[in-house]
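Asker: just coords:
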Ligand SMILES: NC(=O)c1ccc[n+]([C@@H]2O[C@H](COP(=O)([O-])OP(=O)(O)OC[C@H]3O[C@@H](n4cnc5c(N)ncnc54)[C@H](OP(=O)(O)O)[C@@H]3O)[C@@H](O)[C@H]2O)c1
């Protein structure tokens, strides 16, 4: 928490080299990658990066949606350039094509944001095999292969940063979200190992960060905006500040960090029981009465 006292929104400028530094944001067509609540000022990690003077490669799977996001961002940030890269993140073989699309630009930031967004809250044994595979593909394979493919360029353009958008479920894996929690746990171990590895190998620094995110009021989450579940705009700004701070493991949003502290002092079985109680009531495999809201991702 104290790191906030020294954190500057301009810390991210260490990854800006000249006028032509690019950031690649995966899953930039919605949610945290791109804010989705139309009646609030639109912002996103992509827009926040553009406001800091970066050009942004917007990755997603839906060209129509991405084109609309690009037009919107271009109108709001006329000094920045935006390009779109279309690839289905459940097909990790396409990761190399995305890295290829980055060639010829100075790419200094990779934000691995695309995540498992249609999470089913239900026992593993009732889940569709293909849905389980898609969760692992996007949460583990895609991010790993894209990072692998982009590393030579990030090294050439260093100082550079790899930012992995994670979740508190990596530390407190809840029941009924085993696959999602497993992918975020994988990302945490991957981030830590890679950070150490790059520090040992690379003559120029490439920072690797894991961002612990809790509930954010995206469409995928379904929660209304609250102090505990901020608008993606607020989350995006917190992420940008945290990128500049270059910590290995960071909880960018202050309320999430407070919650994280509480979760860490409680016995793990108490946390698991609490999460189990909440998620039991949100199970997507149990039909509930009309008018009841279905549970979203939000973890
Ligand atoms: N929201 C939360 O409460 C929360 C909490 C903890 C962690 N997180 C993490 O934060 C990240 C973003 O979550 P979010 O809530 O912003 O999600 P979101 O609103 O569903 O947005 C996800 C983005 O990823 C894209 N995407 C999904 N599947 C894809 C695929 N197969 N190929 C290419 N792009 C794909 C989506 O594209 P489309 O527009 O085409 O759907 C969208 O741009 C995820 O890693 C998530 O695990 C979120």
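Answerer: Yep, that arrived. All values derive from a computational prediction rather than experimental measurement.
Asker: who's in contact with the least confident helix or strand in the chain by mean pLDDT?
Answerer: Of the helices and strands making up the chain, the lowest-confidence element is helix 3-6, at a mean of 74, by mean pLDDT, DSSP states H and E. Helix 3-6 has contacts (CB atoms under 8 Å, 6 or more residues apart in numbering) with 245, 247, 250, 254. All C-beta atoms are positioned from the backbone trio N, CA, C, and that covers glycine.
Asker: check which helix or strand covers residue 17.
Answerer: In this structure, residue 17 sits in neither a helix nor a strand according to DSSP states H and E.
Asker: SS state for residue 49?
Answerer: Using DSSP: H, G, I helix; E, B strand; the rest coil as the criterion, the local structure at residue 49 reads helix.
Asker: tell me the contacts of the closest residue to the ligand within the stretch 101-250 of the chain?
Answerer: When distances are taken as CB to the nearest ligand atom, the stretch 101-250 of the chain approaches the ligand most closely through residue 115, which lies 2.1 Å from it. Under the criterion of CB under 8 Å, 6+ apart, the contact partners of residue 115 comprise 27, 138-139, 165, 183.
Asker: if we go to 7 Å?
Answerer: By CB atoms under 7 Å, 6 or more residues apart in numbering, the contact list for residue 115 reads 27, 138-139, 165.
Asker: and those as a markdown table, adding pLDDT and distance to residue 209?
Answerer: A markdown table is the format used below for these (pLDDT from 0 to 100; distance: CB to CB, whole Å):
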| residue | pLDDT | distance to residue 209 |
| --- | --- | --- |
| 27 | 94 | 17 |
| 138 | 96 | 19 |
| 139 | 95 | 17 |
| 165 | 97 | 10 |
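Asker: Narrow those to those in strands?
Answerer: Residues of these located in strands (DSSP state E): residue 165.
Asker: rewinding a little: which among the contacts of helix 3-6 end up buried?
Answerer: Among the contacts of helix 3-6, those buried by neighbour count (16 or more other CB atoms under 10 Å) are 245, 250.
Asker: Which pair of the contacts of helix 3-6 spans the longest distance?
Answerer: The most widely separated members of the contacts of helix 3-6 are 247 and 254, with 14.2 Å between them, by CB to CB.
Asker: helix or strand right after the least confident helix or strand of the chain?
Answerer: For helix 3-6, the succeeding helix or strand toward the C-terminus, using DSSP H and E, is strand 21-25.
Asker: I'd like the average pLDDT over that following strand.
Answerer: Model confidence over strand 21-25 averages 95 on the pLDDT scale.
Asker: Touching it from outside, list them.
Answerer: Contacts of strand 21-25 with the rest of the structure, by CB under 7 Å, 6+ apart, involve 15, 33, 45-46, 49, 54-59, 102, 105-111, 113.
Asker: Can you say which of these are also within reach of the ligand?
Answerer: Filtering these for neighbours of the ligand using CB under 6 Å from any ligand atom leaves 33, 113.
Asker: just checking, which of the contacts of strand 21-25 belong to helices?
Answerer: By the criterion of DSSP state H, membership of the contacts of strand 21-25 in helices covers 45-46, 49, 102.
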